[in-house]
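Asks: Output the structure for:
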Amino acid sequence: MPFNRPAVFRPPSERRSYYLPLTSGCANNSCTFCAFYGSRLQIRPLEDIKGEIDALATCKSSGIRLAGADEAVYGMASYWDGRRLFLQDADALVYPFPKLREVLRYLNKKLPHLERIAAYATPQDARRLSLSELTELSQLKLGILYMGIESGDEAVLNRVGKGVDCKQMIEAGNKVKKAGIALSATVILGLGGAEMSRQHTAGTASILSDIDPDYAGALTLTLVPGTPLHRRWQNGGFNPLSPFQTLYELREIINTSRFSRCFLSSMHASNYLSVRGTLPQDRARMLAELDDVLKKGDPSLLRPESLRGL
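Replies: Numbers count the residues shown, from 1 in each chain. A predicted model of the protein is given here:
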């Protein structure tokens, strides 16, 4: 079956990157809230990937277009500054290690001015690879991994089918950092619903403190049609938080998490309010911004529901 190039699904900080697909879908497709639920993982052939790298490198160096290359290559190449590259799809780190290493070696050979390579990674991916393997990828310019933590509460993790527990996620995060790769941990406000909000918030602050990532990104739960969580909500089994309740969760996470140095952001389009800063230095300012909006309680200060997105 031919490989189908996936739609671009990337972190906000990778908006200027070139998007190179290694896989399509997600190996850990059991998360009940996720648009990748039930998706079929496709592994892209290595030679196909090398062909795209050849086309990209030739276009950037001489402006020549190679016959047979995907037009998406040239569309991205026209605005790409050559500095950062993002490996698709939802968990590119699942790509078989010998081939993944070869992809990174080939990228370094063909695009020697490349500064940083990035990818999503599940905790399962990071635990599967050895520290030496991750370190080798770091030396090949894999500079940051984006890992979905979602929650630090075991009951919430079990309910949404995350497939790993808190101890395993802490182990995965610490291994990534030890390998010299920056870690961005993602959490989801409102994932526990009204019923489990307090324990979700407390657990999430706790696990973020234990992992102590370089970056943390807060998303707000979006009920995706076709997912089990969306069906559960339709059947009355899930009570979502209000927009202001999600901000209370964010406030509590910022207030109680303890980091050595972490840039925390809620800039993702799913959020009702964007705040960002480096913790612990900017904690007081970030809390003041949230408290001002929470005190006013004015919906016009929030991102409209129609503009929220994944």
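
Asks: Gly38 - how many residues pack around it?
Replies: By the measure other C-beta atoms under 10 Å, the count of residues near Gly38 is 13. Glycine gets a C-beta too; all of them are placed from N, C-alpha and C.

Asks: Quick check: closest non-adjacent residue to it.
Replies: In space, and not counting its chain neighbours, Gly38 is closest to Asn29: 5.6 Å by C-beta to C-beta, 6 or more residues apart in numbering.

Asks: who touches that neighbour in this structure?
Replies: By C-beta atoms under 8 Å, 6 or more residues apart in numbering, Asn29 lies in contact with 36-41.

Asks: Got a ChimeraX select line for the buried ones in those?
Replies: Only the buried entries of the contacts of Asn29 go into this ChimeraX selection, using 16 or more other C-beta atoms under 10 Å:
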select :36,37,39,41
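
Asks: biggest separation within the contacts of Asn29, which pair?
Replies: The span of those, defined through C-beta to C-beta, is set by Tyr37 and Leu41 at 12.7 Å.

Asks: Could you check how far the residue nearest to Gly38 is from Thr220?
Replies: Separation of Asn29 from Thr220 (C-beta to C-beta, to the nearest Å): 22 Å.

Asks: So in terms of bridging, what pairs with Cys262?
Replies: For Cys262, the beta-bridge partners are Leu279 (DSSP bridges).

Asks: Test my guess that it contacts Asp212.
Replies: Yes - using C-beta atoms under 8 Å, Cys262 is in contact with Asp212, at 6.9 Å.

Asks: Neighbour count: the two, which is higher?
Replies: Just comparing Cys262 and Asp212: by other C-beta under 10 Å the higher neighbour count belongs to Cys262, 23 against 19.

Asks: Can you pull the phi/psi pair for the residue nearest to Gly38?
Replies: Per-residue torsions, Asn29: phi -100, psi 30 (degrees, to the nearest 10).

Asks: So it versus Gly63, what's the distance?
Replies: Applying C-beta to C-beta, the value for Asn29 to Gly63 is 40 Å.

Asks: Same question for Ser184.
Replies: Distance from Ser184 to Gly63, counting by C-beta to C-beta: 34 Å.

Asks: Pro304 too?
Replies: Relative to Gly63, and taking C-beta to C-beta, Pro304 is found at 42 Å.

Asks: Kindly report the same for Gly237.
Replies: To Gly63, Gly237 is 56 Å away according to C-beta to C-beta.

Asks: And for Arg198?
Replies: Counting by C-beta to C-beta, the gap from Arg198 to Gly63 is 58 Å.

Asks: neighbour-wise, which of those two wins?
Replies: Arg198 (13 against 8).

Asks: now what about the helix or strand that contains that one, what contacts it?
Replies: Secondary structure here is read from DSSP states H and E; on that basis Arg198 sits in helix 197-211. Contact with helix 197-211 is made by 149, 151-156, 166, 169-170, 173-174, 183, 185, 187, 190-192, 216, 241, 245, 249, 252-253, 255-259, 262, as judged by C-beta under 8 Å, 6+ apart.

Asks: And the buried ones among the residues you listed, selectable in PyMOL?
Replies: Buried residues within the contacts of helix 197-211, by 16+ other C-beta under 10 Å, are selected in PyMOL with:
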select buried, resi 149+151+152+153+156+166+169+170+173+174+183+185+187+190+191+192+216+241+249+252+253+257+259+262
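
Asks: Give me the subset of the contacts of helix 197-211 lying in strands.
Replies: Among the contacts of helix 197-211, the members falling in strands (DSSP state E) are 149, 183, 185, 187, 216, 262.

Asks: any low-confidence regions in the chain?
Replies: Along the chain, segments meeting pLDDT under 70 span 1, 310.

Asks: which residue ranges form the strands in it?
Replies: With DSSP E applied, the chain shows strands at 18-21, 23-24, 42-43, 84-88, 116-121, 142-150, 182-189, 215-220, 262-265, 276-279, listed in chain order.

Asks: Parallel or antiparallel, list what pairs with the second one.
Replies: So that's strand 23-24. strand 42-43 (antiparallel).

Asks: what does the partner strand rub up against?
Replies: Residues outside strand 42-43 that contact it (C-beta under 8 Å, 6+ apart) are 1, 3-4, 22-25, 95-96.

Asks: now these: which count as buried?
Replies: Neighbour counting by 16+ other C-beta under 10 Å classes 22-25, 95 among those as buried.

Asks: what's the most distant pair in these?
Replies: Across the buried ones among the contacts of strand 42-43, no pair lies farther apart than Gly25 and Tyr95, at 12.3 Å, counting by C-beta to C-beta.

Asks: so where's the longest helix in the protein?
Replies: What stands out as the longest helix in the chain, according to DSSP state H, is helix 46-62.

Asks: the helices in this structure, which residues?
Replies: Along the chain, counting by DSSP H, helices occupy 46-62, 71-77, 97-110, 123-128, 131-139, 154-159, 166-178, 197-211, 228-234, 243-256, 283-296.
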